[in-house]
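Enquirer: Fold the following for me, if possible:
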Amino acid sequence: MCGIFGWIAPMARAGERSMLCRLTDLLSYRGPDGAGYLIAATADGNYQIGLGHRRLSIIDIDGGVQPMQSTDGRIVLIYNGEIYNYIELRAELRALGHVFHSQSDSEVLIEAYRAWGASALGRLRGMFAFALWDADRQQLLLARDPFGKKPLFLAQMNGLLLFSSEIEPLLQYPGISRQVDPAAVDQYLLNRYVPGPNTFFRDIRKLQPGSSAIWHAGKLATTRYYTPPVANLSPDIREFEEATAALSDVFDEAVRIRMRSDAPYGAFLSGGIDSSAIVAAMSRHSDRVRTFSVGFRDGAFSELAYARDVAMRFGTEHSELVVDEDSFLEHWPAAIRHRGAPVSEASDIPILMLSQAAARSVKMVLTGEGADEMLGGYPKHRAEGWVALYQRLVPQRLHDRIVPPLARLLPYQARRAQILARILGERDTSLRMRAWFGSAFGLDRERLIGTSGILTPPDRLPVSMQNASPLRRMLYFDQTSWLPDNLLERGDRMMMAGSIEGRMPFMDTKLAAVAARIPDRFLVGGRGGKRVLRAALRSSLPSQILHRRKIGFRVPFHDWFRGPYRDILRDMLTSQDSRVAQICDASAVHGYLNAHLEGQQNNERILWTLVNLEMFLRTFKLEGLDGIADGRLAHSNSTRRTILSDAC
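Expert: Residues are numbered from 1 along each chain as shown. Reported below is the predicted structural model:
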């Protein structure tokens, strides 16, 4: 697990080695164990190649130094991630005549490319983002893993191509502006995250998950090499026992190969079914498992007691971290800096804190991300089919006249019921998929930014699936948008900020293929969803873990907003220098804030979205916000004139 940075630049704009070192070293927390840098040129002398690497040593600690070159020096690699099936691939490549000089998975990646070219990507079972220079073909291959667990940001300008594991080194490169992308602001207010390939910065884009890009002779061509199998595999497993056995086998293997490490490792344990399943599997393959848990003093938001029970059951070396409002506030700005974007979920901050604590004793942890998105574990997965039935039976006008007014009368604590009321009225499938997690939809959105915002996602792929069940469409969206642009982004940034690697067994490509073959009723049937996973774990986990109500990793920030953060919230959102009040309707912002502080309405989602946007804009000092505000005002005045004209 590492950080990479580099460029291909016209010789007229060639960079100094000192700049390559300085910008790469901005990622030192991603790779505190070593650094490497290389400057080269294309054969025609027209372009300079700069490759920088920061290393977190986990596999082949002594032999995996990067940039790594092939024996003949014709291939050079900088690489962030882990190839979990590198042992099997190395054996296959040796049978083809390839010779290895280290135990590193990086060398396996180089030899796999030598054997199979870019098609080697389909053989890799892991998480990765890498840049590989091929001197024979005079091309640079950039690639990102199938689900986007590892990030790769790109910037192109006047023949220059930059790439980086994070945004900050790109912003520090001369000529890259901090000009805001107005569409990204609209998408963030809609989704609570910015869907790829966009970022908040006009000049910076993400390489999409499961994609590769080849630079040759000044041109960059991008290809998607992987699509989640839920899009193209039929649910052909007919017997529940067959589904349970298939999932059990592939999950156990996914955990086992992710325990390959030459450095100490452990697991993040929440006490829920997903992380508990991982710890149970790890305990079958090791007699020493370390576990780390984070929680809060408020028992309604803490799963520490459940995690403690699981740790005792499997005899792990267990550590706990309790977060309070003061420590949360202390780490909040750092989370925004590392993410390079607003923090879309409050749980980012405790994960950052837990990563920093765990890094004192381990370099790698297994985590439970992806289980819900692969196996149908969220309430929305069970509800989506009923939403379609509701919308067939209830006309839109009847819904609008009855449901939203009733939802506004619900008590402050009825957060989920208010979300469902909003969902039931959204008939656009693309918007509804985003509304389950999103912030400003429908009337809320119109109050904040009017009707001028951009609704269409920048990449239509996550909402392109047709002729499938509502559950499969939702899972596909989750696996191509919600995960890579939100949860996996959080996992990478927060854990790497603590100099620790996170591995995710539920996001194994073979497991995804098995899950895609399981019928809907085996996934979401029963209480809590993930029916087939619960059945697979009956012999490993106690019933109180398997069948308890899902709490989720929630932070009590809605109470903190009304208490210790009250003044901070007012300063951020209502002061004269508030940027959010500049680009959104200030009176609407005041209204949402006051209603929440007075206990009239639970506006925690909107307020969290807005205050993090404010902190992000202040931290990164984005340019062009005046243009967004002017555009909103012009559209608002135009709409008002049209309404008055129609009235006359």
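Enquirer: Would you map the strands across the stretch 251-400 of the chain?
Expert: Here the stretch 251-400 of the chain has its strands, by DSSP state E, counting those that start in this stretch, at 265-268, 290-296, 317-323, 364-366.
Enquirer: Each with direction, which strands does the first one pair with?
Expert: Read it as strand 265-268. strand 290-296 (parallel), strand 364-366 (parallel) (DSSP bridges).
Enquirer: for that strand, the distance to its chain's centre please.
Expert: Relative to its parent chain, strand 265-268 has a centroid offset of 19 Å by Cα atoms, centre = their mean, to the nearest Å.
Enquirer: hey, C-alpha coordinates of that strand in CSV?
Expert: The C-alpha coordinates for strand 265-268 follow below in CSV (Å, rounded to 0.1, in the frame of the first residue of the first chain):
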residue,chain,number,x,y,z
TYR,A,265,-2.1,-7.2,10.7
GLY,A,266,-5.5,-7.2,12.3
ALA,A,267,-9.2,-6.4,11.6
PHE,A,268,-11.6,-3.5,12.3
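Enquirer: Could I get the average pLDDT for that strand?
Expert: When pLDDT is averaged over strand 265-268, the result is 98.
Enquirer: Contacts for that strand, please.
Expert: For strand 265-268, contacts defined as Cβ atoms under 8 Å, 6 or more residues apart in numbering pick out 259, 275, 278-279, 282, 289-293, 316-317, 351, 354, 358, 361-368, 502. Any C-beta I mention is one placed from the backbone N, CA and C, and that applies to glycine too.
Enquirer: Throw the strands of the stretch 251-400 of the chain into a markdown table and include mean neighbour count and distance to residue 76, thanks.
Expert: Putting those into a markdown table (neighbours: other Cβ atoms under 10 Å; distance: least, Cβ to Cβ, whole Å) gives the following:
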| stretch | mean neighbour count | distance to residue 76 |
| --- | --- | --- |
| strand 265-268 | 26 | 29 |
| strand 290-296 | 24 | 36 |
| strand 317-323 | 17 | 40 |
| strand 364-366 | 25 | 26 |
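Enquirer: Any chance of the ones you listed in TSV with distance to residue 455 as columns?
Expert: As requested, the strands of the stretch 251-400 of the chain are exported to TSV (distance: least, Cβ to Cβ, whole Å):
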stretch	distance to residue 455
strand 265-268	36
strand 290-296	36
strand 317-323	36
strand 364-366	38
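Enquirer: Of all these, which one is nearest residue 613?
Expert: Checking the strands of the stretch 251-400 of the chain against residue 613 by Cβ to Cβ gives strand 317-323 as the closest, at 22.7 Å.
Enquirer: Contacts only, for residue 384.
Expert: Under the criterion of Cβ under 8 Å, 6+ apart, the neighbours of residue 384 are 470-471, 473-474.
Enquirer: between those residues, which has the most around it?
Expert: Highest neighbour count within these: residue 474, with 26 neighbours (other Cβ atoms under 10 Å).
Enquirer: all helices of the stretch 401-550 of the chain, in order?
Expert: 415-424, 429-435, 442-449, 470-477, 488-497, 509-516, 520-524, 531-536, 543-546 (DSSP state H, counting those that start in this stretch).
Enquirer: okay, the last one in CSV with CA atoms only?
Expert: Backbone C-alpha positions of helix 543-546 (Å, rounded to 0.1, in the frame of the first residue of the first chain) are rendered in CSV as follows:
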residue,chain,number,x,y,z
SER,A,543,-27.6,-15.7,17.1
GLN,A,544,-27.5,-12.4,18.9
ILE,A,545,-25.0,-11.2,16.3
LEU,A,546,-26.6,-12.9,13.3
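Enquirer: downstream neighbour of it in the secondary structure list?
Expert: Using DSSP states H and E, the helix or strand that follows helix 543-546 in sequence is helix 557-562.
Enquirer: Residue 275 - nearest residue in space that isn't next to it in sequence?
Expert: Using Cβ to Cβ, 6 or more residues apart in numbering and skipping the chain neighbours, the partner closest in space to residue 275 is residue 368 (4.2 Å).
Enquirer: List the residues that contact the one you found.
Expert: Residue 368 is in contact with 268, 270, 272, 274-275, 277-278, 504, 506, counting by Cβ under 8 Å, 6+ apart.
Enquirer: pLDDT weak spots in the stretch 351-500 of the chain?
Expert: The model of the stretch 351-500 of the chain has pLDDT under 70 over residues 412-413, 452.
Enquirer: Chain neighbours aside, what residue packs nearest to residue 290?
Expert: Excluding its sequence neighbours, the residue lying closest to residue 290 (Cβ to Cβ, 6+ apart) is residue 266, at 3.3 Å.
Enquirer: which strand residues sit across from that neighbour in the sheet?
Expert: Under DSSP bridges, the residues paired with residue 266 across the bridge are residue 290, residue 365.
Enquirer: and the protein, what are its domains?
Expert: Using automatic domain parsing, the domain ranges for the chain come out as 2-183+199-226, 230-375+469-546, 556-648.
Enquirer: how about these, which one is nearest residue 445?
Expert: Of these, nearest to residue 445 by Cβ to Cβ is domain 556-648, at 9.8 Å.
Enquirer: roughly how far out does the closest one sit from the chain middle?
Expert: Its chain's C-alpha centre and that of domain 556-648 lie 25 Å apart, by Cα atoms, centre = their mean.
Enquirer: Stretch 278-286 too?
Expert: From the chain centre to the centre of stretch 278-286 is a distance of 25 Å (Cα atoms, centre = their mean).
Enquirer: Next, the buried residues of that stretch.
Expert: Across stretch 278-286, burial judged by 16 or more other Cβ atoms under 10 Å covers 278-283.
Enquirer: could those be laid out in CSV, adding distance to residue 201 and pLDDT?
Expert: Shown next, in CSV, are these (distance: Cβ to Cβ, whole Å; pLDDT from 0 to 100):
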residue, distance to residue 201, pLDDT
278, 35, 98
279, 39, 97
280, 43, 97
281, 40, 97
282, 39, 97
283, 44, 97
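Enquirer: Quick check: the farthest pair among the residues you listed?
Expert: 278 and 283 (9.7 Å).
Enquirer: can you give me the helices for the stretch 201-350 of the chain?
Expert: Shown for the stretch 201-350 of the chain, the helices assigned by DSSP H, counting those that start in this stretch span residues 240-257, 273-285, 304-314, 325-339, 348-358.
Enquirer: Could you export these as JSON lines, including distance to residue 128?
Expert: Output for the helices of the stretch 201-350 of the chain, formatted as JSON lines (distance: least, Cβ to Cβ, whole Å):
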{"stretch": "helix 240-257", "distance to residue 128": "14"}
{"stretch": "helix 273-285", "distance to residue 128": "21"}
{"stretch": "helix 304-314", "distance to residue 128": "30"}
{"stretch": "helix 325-339", "distance to residue 128": "20"}
{"stretch": "helix 348-358", "distance to residue 128": "20"}
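Enquirer: closest one to residue 411 among these?
Expert: helix 325-339 (23.6 Å).
Enquirer: And that closest one, what does it pack against?
Expert: Here helix 325-339 is seen to pack against helix 348-358, helix 488-497, helix 557-562, helix 604-620 when contacts are counted using 3 or more Cβ pairs under 8 Å, 6 or more residues apart in numbering; DSSP states H and E.
Enquirer: winner for burial among those helices?
Expert: Across these, averaging neighbours per residue (mean count of other Cβ atoms under 10 Å) puts helix 488-497 on top, at a mean of 25.
Enquirer: doesn't residue 497 make contact with residue 352?
Expert: Yes - counting by Cβ atoms under 8 Å, residue 497 is a contact partner of residue 352 at 5.7 Å.
Enquirer: Pull up the overlap in contacts between those two.
Expert: By the contact definition Cβ under 8 Å, 6+ apart, residue 352 and residue 497 are jointly contacted by 334-335, 338.
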